[in-house]
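A.B. asks: Got a predicted model here, sequence first, then my questions.
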Amino acid sequence: MNTASNTPELSRENIPSRILGVIPARYASTRFPGKPLVDIDGKSMIQRVYEQAMKAEKLDEVVVATDDERILLHVHAFGGRAVLTADTHQSGTDRCAEVSKKLPGFDVIINIQGDEPFIDPRQIDIVSACFASVETNLATLVKPILTEEELNNPNSPKVVLNKFSEAIFFSRATIPYVRGREPQDWLKNHIFYKHIGIYGYRIDTLLAITQLPVSILESTEALEQLRWIENGYKIKAAVTDIETVAIDTPEDLAKVLLQKQ
């Protein structure tokens, strides 16, 4: 009996990726406890993030991943999808890995920050589009730095890219160093990039990187993506000119509400 088939063999090249948007949301924030549920002009922060993510064209589904039943019930109340995850995760990446096991059937997960209530859906789509290339296993977003304040802010990590638009280092320091120029002139002589904290992972890569031990550079800079680079992973970096507004503290929220008035 001839068992040969004329059907072409399926591979990553000819199967469209199914992409899941995951919004990690933790209640016990050190600087802003209960932050996902804080009211922003009539809607909670997590609802605003969820609704913005739902506008992204390249996501097949969106889910909130939380370790707190209050957030879970709140998301369900406004009609969103949420799953309960362990309260022992050290990062949103670890939480995404658990979601990948609870919700199988996706090829890529986009990790969407839960403290950016006005995130532009186009930013999510830009990162998602990186996975049209079969060579992309990890992706993130960067933005050109425009001000000296931002350039020298250690809370805004900087990124150095290679000629293939891959991130080769992240640092809280101002990198690279522009030799022979005064610091106030650096922006005139080099394009610096800051990191926008949205990640994309193929599922197999996501599961692999979450099994890696904390690396030396990661613990030094407190930036988890350095663990991936130290272990030889390539991170595709998409460039955006769209600004983001993260709310880390009650003071940040006050500024946002003032700007909205």
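C.D. replies: Structure's in. What do you need? Numbers count the residues shown, from 1 in each chain.
A.B. asks: Point out where the chain drops to low pLDDT.
C.D. replies: 1-16, 260-261 (pLDDT under 70).
A.B. asks: tell me which element the residue most central in space within it is part of?
C.D. replies: By C-alpha atoms, centre = their mean, the chain has its centre lying nearest to residue 198, at 1.8 Å. Secondary structure from DSSP states H and E places residue 198 in strand 193-202.
A.B. asks: Over to residue 63?
C.D. replies: strand 61-66.
A.B. asks: For that strand, buried residues please.
C.D. replies: 62, 63, 64, 65, 66 (16 or more other C-beta atoms under 10 Å). Just so you know, the C-beta spots here come from the backbone N, C-alpha and C atoms, and that holds for glycine as well.
A.B. asks: so can I have JSON lines of those residues showing distance to residue 126?
C.D. replies: Shown next, in JSON lines, are the buried residues of strand 61-66 (distance: C-beta to C-beta, whole Å):
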{"residue": "62", "distance to residue 126": "16"}
{"residue": "63", "distance to residue 126": "20"}
{"residue": "64", "distance to residue 126": "22"}
{"residue": "65", "distance to residue 126": "22"}
{"residue": "66", "distance to residue 126": "26"}
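A.B. asks: related to what we said a few turns ago, elements contacting the strand holding residue 63?
C.D. replies: strand 19-25, helix 45-54, helix 69-77, strand 82-84, helix 92-102 (3 or more C-beta pairs under 8 Å, 6 or more residues apart in numbering; DSSP states H and E).
A.B. asks: repeat that for 10 Å
C.D. replies: Judged by 3 or more C-beta pairs under 10 Å, 6 or more residues apart in numbering; DSSP states H and E, strand 61-66 is in contact with strand 19-25, helix 45-54, helix 69-77, strand 82-84, helix 92-102, strand 108-111.
A.B. asks: Specify the angle between the longest one and strand 193-202 in degrees.
C.D. replies: What that stands for is helix 92-102. 20 degrees (axes from the mean of the first three to the mean of the last three C-alpha atoms, to 10 degrees).
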